[in-house]
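Colleague: here's a sequence, model it:
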Amino acid sequence: MTSTDQERWQRVKERLRKELGEDVFTSWFARMDLEGVENGGVRLSVPTRFLRSWIQSHYSERVLSHWQVEDSVVSRLELSVRSAAIRLPVNAKPSEVQIASREARETAVNGAEVRGGGPFTTVHEAVGGSPLDPRLSFETFIVGRSNTLAHAAAKQVATSRRGEPLMFNPLYIHAGVGLGKTHLLQAITWAGNGGERKVLYLTAERFMYGFVSALRAQTMLAFKEAMRATDVLMIDDLQFLQGRSTQAEFCHTLNALIDAGRQVVIASDRPPADLESLDDRVRSRLAGGLVVEIGSLGEELRLEILKSRIAAASVHHPGFEVPASVLVFIAGSVTHNGRDLEGAVNRLLAHNRLTGQPVTLEMAERDMRDLIRPPEPRRVRIEDIQRVVARQYNVSRADLLSSRRTANVVRPRQLAMYLAKVLTLRSLPEIGRRFGGRDHTTVLHAVRKIEALAGNDSVFAEEIESLKRQLQD
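Modeller: The predicted structure follows:
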């Protein structure tokens with residue numbers, strides 16, 4: 001291989017970088033090496049089978065066309081998986097050879113490499129792990145009463161070592177929007193970078209995209225191998241996982257990892273029991289680990305979060321100061337979630353930097369108006385509806401789920417279905433499944449029946465309103 005070939009390869013890579021963008025190039029081509037150019041063919045190598053399969057399926061024609069710009073004689077690409085070899089001096093001692101051989105084997109198995117000046121777990125990049133925000137680390141996570149257990153559990157996962165018995169598996173964290181679920185999952189990922197374990201963070205959407213892409217490219221075996229090769233797999237926003245075949249693959253992956261003693265961490269906006277679209281076996285497996293809820297942010301915690309965000313902003317914007325009275329006002333008024341607090345800090349910063357005016361309480365009161373929201377109504381669960389209705393009409397929850405057609409059961413069952421439709425975001429098929437596996441048309445009939453009865457009977461209508469108040473208070 002000549003120096004001219006290497007120069008051509010550098011130009012090919014630069015064109016790929018410009019065409020695909022830095023993120024895509026880094027994920028798929030940063031570890032591709034030129035092995036040789038001869039007889040009209042270009043030999044390239046990558047460190048893993050998954051990378052080879054993915055590049056062959058998605059980018060081989062593009063790489064070849066860029067090579068043909070450099071050398072019109074080139075007509076084919078050969079992509080291989082290189083072995084992890086460590087070059088030693090000719091006079092190396094036997095002990096050095098033995099150590100190097102062990103390191104080579106470990107590199108081949110773990111797929112670890114040095115990138116950007118520091119070690120990084122290759123599996124996160126090779127599988128197309130979801131983007132990570134460098135700000136979301138354990139150091140920047142503010143701990144309070146509502147998230148202490150979730151933080152401690154995440155920290156325990158992050159500090160565990162390969163081969164150690166798992167304390168709990170899976171770890172399932174659920175909370176509303178902007179309360180820190182994603183922060184904890186990404187903090188585990190950052191803490192695992194450069195360690196002995198392979199750590200992979202994926203959103204549910206990214207998992208679905210990878211699965212569908214592998215199906216189309218006929219690289220399912222490589223996709224399965226990549227998933228099952230992880231030591232710590234994290235799936236964020238599980239509530240968005242859709243599709244029967246995708247959920248089946250997730251179920252197989254979950255079972256394979258847990259049975260192999262690999263750690264799984266899941267985040268969602270609801271507990272496992274409320275994920276009606278998932279198979280019962282998956283929900284049962286998720287509920288069998290440690291299920292932790294992150295509660296709403298208390299005022300004291302909101303104040304600490306604000307102080308932390310402003311301190312971070314001051315590093316990049318010297319002179320940015322916020323009076324204590326403004327912090328207290330925002331912490332007491334902006335109560336919805338942590339992202340609203342982030343937005344509040346950004347507004348203060350923009351006002352200060354763009355106008356040159358100091359931050360004042362009057363300005364904060366004016367600019368934060370739309371962030372001051374009324375408290376969210378209590379989230380109502382179908383289980384709560386069934387329990388309250390059963391108690392009101394002196395039947396059991398099992399009666400509501402049964403096939404009994406007696407009058408004293410049919411009316412409460414229809415009413416419970418109606419309340420599930422108007423008080424939750426669940427679809428008619430989901431509600432039907434939660435009421436003994438009934439069809440969605442049965443639920444629709446129940447909703448229309450109760451609406452008609454309530455329209456003609458004011459006493460019954462008042463009963464319905466009373467039940468709604470009980471469930472929402």
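Colleague: with only the CA atoms kept, save the host helix or strand of Ala153 in PDB.
Modeller: Under the criterion DSSP states H and E, the helix or strand holding Ala153 is helix 148-159. Included here for helix 148-159 are C-alpha records, laid out as PDB according to Å, rounded to 0.1, in the frame of the first residue of the first chain:
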ATOM      1  CA  THR A 148     -33.200   9.900  46.300                       C
ATOM      2  CA  LEU A 149     -34.000   6.300  45.700                       C
ATOM      3  CA  ALA A 150     -33.900   6.500  41.900                       C
ATOM      4  CA  HIS A 151     -30.500   8.300  42.100                       C
ATOM      5  CA  ALA A 152     -29.100   5.700  44.500                       C
ATOM      6  CA  ALA A 153     -30.300   2.800  42.300                       C
ATOM      7  CA  ALA A 154     -28.800   4.400  39.200                       C
ATOM      8  CA  LYS A 155     -25.500   5.100  41.000                       C
ATOM      9  CA  GLN A 156     -25.400   1.500  42.100                       C
ATOM     10  CA  VAL A 157     -25.900   0.200  38.500                       C
ATOM     11  CA  ALA A 158     -23.200   2.600  37.300                       C
ATOM     12  CA  THR A 159     -20.600   1.500  39.800                       C
END
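Colleague: hmm, Met208 is touching Gln242, no?
Modeller: Yes - at 6.9 Å, Met208 counts as touching Gln242 under the criterion of Cβ atoms under 8 Å. No exception for glycine: its C-beta is placed from N, CA and C like everyone else's.
Colleague: where's the residue lying closest to Tyr418 once chain neighbours are set aside, which helix or strand?
Modeller: Once its chain neighbours are removed from consideration, Tyr418 has its nearest residue in Ile450; the separation is 3.9 Å (Cβ to Cβ, 6 or more residues apart in numbering). Applying DSSP H and E as the criterion places Ile450 in helix 440-456.
Colleague: mind listing what's buried along the helix or strand following that helix?
Modeller: Proceeding C-terminally, helix 440-456 gives way to helix 458-472 as the next helix or strand, assigned by DSSP H and E. Along helix 458-472, the positions that meet the burial threshold by neighbour count (16 or more other Cβ atoms under 10 Å) are 464, 467-468, 471.
Colleague: distance between stretch 355-372 and the chain's centre?
Modeller: In terms of Cα atoms, centre = their mean, to the nearest Å, the centre of stretch 355-372 is set 34 Å apart from its chain centre.
Colleague: would you mind pulling the contact partners of stretch 421-432?
Modeller: 276-277, 380-382, 385, 417, 420, 434, 438-440, 442-444, 447, 468, 471-472 (Cβ atoms under 8 Å, 6 or more residues apart in numbering).
Colleague: can you flag the buried ones in those?
Modeller: In these, burial by neighbour count holds for 276-277, 380-382, 385, 417, 420, 434, 438, 442-443, 447, 468, 471, counting by 16+ other Cβ under 10 Å.
Colleague: please identify which of these is nearest to Gln186.
Modeller: Of all the buried ones among the contacts of stretch 421-432, Gln186 sits closest to Ser277, with 25.0 Å by Cβ to Cβ.
Colleague: hmm, back to that, nearest to Val42 among the buried residues of helix 458-472?
Modeller: For the buried residues of helix 458-472, the residue nearest Val42 by Cβ to Cβ is Leu471; the value is 66.5 Å.
Colleague: so who does the closest one touch?
Modeller: Residues 378, 380, 384-385, 388, 419, 423 are the ones in contact with Leu471 under the rule Cβ under 8 Å, 6+ apart.
Colleague: same check, this time on Leu444
Modeller: For Leu444, counting by Cβ under 8 Å, 6+ apart, the contacting residues are Leu428.
Colleague: what's the per-residue pLDDT of it here?
Modeller: Looking at Leu444, its pLDDT reads 94.
Colleague: over to Gly319?
Modeller: The model reports Gly319 with a pLDDT of 85.
Colleague: tell me the SS of it?
Modeller: Recorded secondary structure, Gly319: coil (DSSP: H, G, I helix; E, B strand; the rest coil).
Colleague: ok, it - how many residues close by?
Modeller: Applying the criterion other Cβ atoms under 10 Å, we find 8 residues in the vicinity of Gly319.
Colleague: now the one helix or strand Leu257 maps to: average pLDDT?
Modeller: Per DSSP H and E: Leu257 is located in helix 244-259. Within the predicted structure, the mean pLDDT of helix 244-259 is 89.
Colleague: buried ones in that helix?
Modeller: 246-247, 249-250, 253-254, 257-258.
Colleague: that older thread, if you compare the directions of the helix holding Ile450 and helix 458-472, what angle comes out?
Modeller: Orientation of helix 440-456 against helix 458-472 (axes from the mean of the first three to the mean of the last three Cα atoms, to 10 degrees) gives an angle of 120 degrees.
Colleague: buried stuff in stretch 338-351?
Modeller: By neighbour count, with 16+ other Cβ under 10 Å as the criterion, the buried positions of stretch 338-351 are 338, 340-341, 343-345, 347-349, 351.
Colleague: oops, could you answer that again for stretch 65-82 instead?
Modeller: With burial defined by 16+ other Cβ under 10 Å, the residues of stretch 65-82 counted as buried are 66-67, 70, 74, 77, 79, 82.
Colleague: great, nothing more from me.
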